[in-house]
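# Whatever this is, show me its structure:
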Amino acid sequence: MPARRTHLALSTAQSELGEALAALRTELELPGEFSPEVLTEAEAARAAEPPPARDLRELAFVTLDPAGARDLDQAFLIEPRAGGGWLVRYAIADVPSFVRPGGAVDAEARRRGQSLYAADGMIPLHPPVIGVDHASLLPGEDRTAYVWSFELDDRGAVQRSGLERALVRSRAQLDYESAQRAVDGGEHDGPLAELPAFGAARLEQERLRGGASLDLPDEEVVRDEHGGYRIERRLPLPVETWNAQLSILTGIEAARLMLEGGVGVLRTMPPPAPDAIAAFRTRAAALGLPWPERMAYGDYLRGLDRRDPRTGPVLRAAASLFRGAGYEVFDGTAPADPGQAAIAAPYAHVTAPIRRLVDRWGLVASLAIAEGRPVPAWLRESLPELPPLMQAAAARASRLEQATLDRVEAALLADRVGEVFEATVVEARGEDRLVVQLDEPAVTANCQAPAGRPMPRAGERMPIVLEHADIRSGSIGFRPGGGAALPS
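Got it, this is the predicted structure:
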């Protein structure tokens, strides 16, 4: 499905929006500039560990990220093996070498928890001198990295794996859209040559495990080169899905290492509760895409046609099956239930240390266990801090994302109060409220339920009238329009 973009031109509403977005930093108590102490320590940071014994700079690693990214956590190389299968190498930025445990940079990173992506600029987890200058796997730069290696058979199953710290040099910085064009154009040589087959094999391994990928449409506020904002809603490209399988493969292996070593931190999620499954079945049937009784929910979600307009509401409803994710730390006794239900295996976050705090702990623990060394005392002592720190960081990021989207949506509609819009019902809330999605602009909002008429069902189309749109608060309100429901 092509991206749908709605632009907000420079105007009075644009100016008010800029002020409202800037105010979010104060209202949400977002982290500000790094202190002089943190910046001084970061500027002086050099690899605290000795230089790695392994030199892998001859390997043609590449990165694959959104266009323009500079905080590059991962680089990969996928090569075919004689007889079938692949040798996969996955290099992860060596952030641990530049952050001294107990130091000023470490303390500030624990306070932040993760990088935040505000519409008016990123709020990084680490000072840029670390997140870009020292650690980021930028092309043509010598970097130390945690390098995972996987020998996979022709079905994508892991036969052997390893982890070492090594010197690497990325050859190219690829972005999703140009990479997808190259794949679609039949490019059979170069760094992407094996990615489609690898990705397909690993997705089949996910199916065999009983896992599921939600792949919700992205809804992102983007600032353009003219200083305006747009909302972009699109489905993930195939190269993004294949690329994600590299991180999932690595996270599964990291979890295995830490469970065998008896110490670490896992990303966990319980299986869907029976009442959540029942509610989702009802919602999917109401949308005209019933979930067959004997089909696993992962197979059902994979089989949905992403071009079908009913699929979006079904995927949003499926989010109820993916709740309860958290972090489980352990030292000596493994968690009673270490699994991540969507992945259908124990799993750990270890592939984004520039942008996410917990990954630094997972990398350091994994390498120590892989090399047969004791896990550092600072790591074991600080494990209990991680779940509340990450929970607070995730909540902050969620509030920022929603508040930003609300304000941009309000700005897009501010001068259209009283207009009639065509919309699709996403869900009913209670007896008198609906969640609706406009055809254009790409806005999701609340609407009063029609009085004196049956409650519309999810997936039903209806005309609605904009009652108010307040940029400063991000509040938008609709009421049902006159006339009959629109054709579905």
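# Would you map the strands across the stretch 101-250 of the chain?
Ranges of strands in the stretch 101-250 of the chain, per DSSP state E, counting those that start in this stretch, are 116-118, 121-123, 142-152, 158-169, 172-175, 218-223, 229-234.
# deepest of the ones you listed, which one?
The highest average neighbour count among the strands of the stretch 101-250 of the chain, using mean count of other Cβ atoms under 10 Å, belongs to strand 142-152 at a mean of 22. Quick note: C-beta positions are derived from backbone N, CA and C, even for glycine.
# for the strands of the stretch 101-250 of the chain, which one sits closest to residue 250?
Closest to residue 250 of the strands of the stretch 101-250 of the chain is strand 142-152 (Cβ to Cβ; 5.3 Å).
# Can you check what angle separates that closest one from strand 158-169?
Between strand 142-152 and strand 158-169, the angle comes out at 160 degrees (axes from the mean of the first three to the mean of the last three Cα atoms, to 10 degrees).
# packing partners for strand 142-152?
Judged by 3 or more Cβ pairs under 8 Å, 6 or more residues apart in numbering; DSSP states H and E, the packing partners of strand 142-152 are strand 86-93, strand 158-169, helix 238-261, helix 358-370.
# That strand: partners in the sheet, and parallel or antiparallel?
Here strand 142-152 has these sheet partners by DSSP bridges: strand 86-93 (antiparallel), strand 158-169 (antiparallel).
# Next up, the contacts around residue 320.
The contact partners of residue 320, by Cβ atoms under 8 Å, 6 or more residues apart in numbering, come to 272, 276, 279-280.
# Quick check: phi and psi at it.
Reported as degrees, to the nearest 10, the phi and psi values for residue 320 are phi -70, psi -20.
# Make TSV out of the strands paired with strand 142-152 and add distance to residue 223.
Compiled in TSV, the strands paired with strand 142-152 are given as follows (distance: least, Cβ to Cβ, whole Å):
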stretch	distance to residue 223
strand 86-93	26
strand 158-169	32
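# who wins for proximity to residue 353 among those?
strand 86-93 (5.7 Å).
# quick one, that closest one and helix 238-261 angle?
Using the same axes, to 10 degrees: strand 86-93 against helix 238-261 is 80 degrees.
# Kindly format the C-alpha coordinates of strand 86-93 as CSV.
What follows is strand 86-93, C-alpha atoms only, in CSV (Å, rounded to 0.1, in the frame of the first residue of the first chain):
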residue,chain,number,x,y,z
TRP,A,86,23.5,-18.9,5.0
LEU,A,87,26.3,-17.5,7.0
VAL,A,88,24.9,-14.4,8.7
ARG,A,89,27.0,-11.8,10.5
TYR,A,90,25.3,-9.1,12.5
ALA,A,91,27.4,-6.3,14.0
ILE,A,92,26.0,-4.2,16.9
ALA,A,93,27.4,-0.8,17.9
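# In a markdown table: the strands paired with strand 142-152, plus distance to residue 186 and mean pLDDT.
Converted to a markdown table, the strands paired with strand 142-152 look like this (distance: least, Cβ to Cβ, whole Å; pLDDT from 0 to 100):
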| stretch | distance to residue 186 | mean pLDDT |
| --- | --- | --- |
| strand 86-93 | 20 | 98 |
| strand 158-169 | 28 | 97 |
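# Quick one: closest of those to residue 345.
strand 158-169 (11.1 Å).
# now the angle between helix 358-370 and the closest one, please.
Using the same axes, to 10 degrees: strand 158-169 against helix 358-370 is 110 degrees.
# contacting residues around strand 158-169?
49, 51-52, 54-57, 59, 61, 75, 85, 91, 94, 137, 140-153, 249, 253, 257, 366-367, 370-371.
# go with 7 Å
Residues from elsewhere that reach strand 158-169, judged by Cβ atoms under 7 Å, 6 or more residues apart in numbering: 52, 54-57, 59, 61, 75, 91, 94, 140-153, 253, 366-367, 370.
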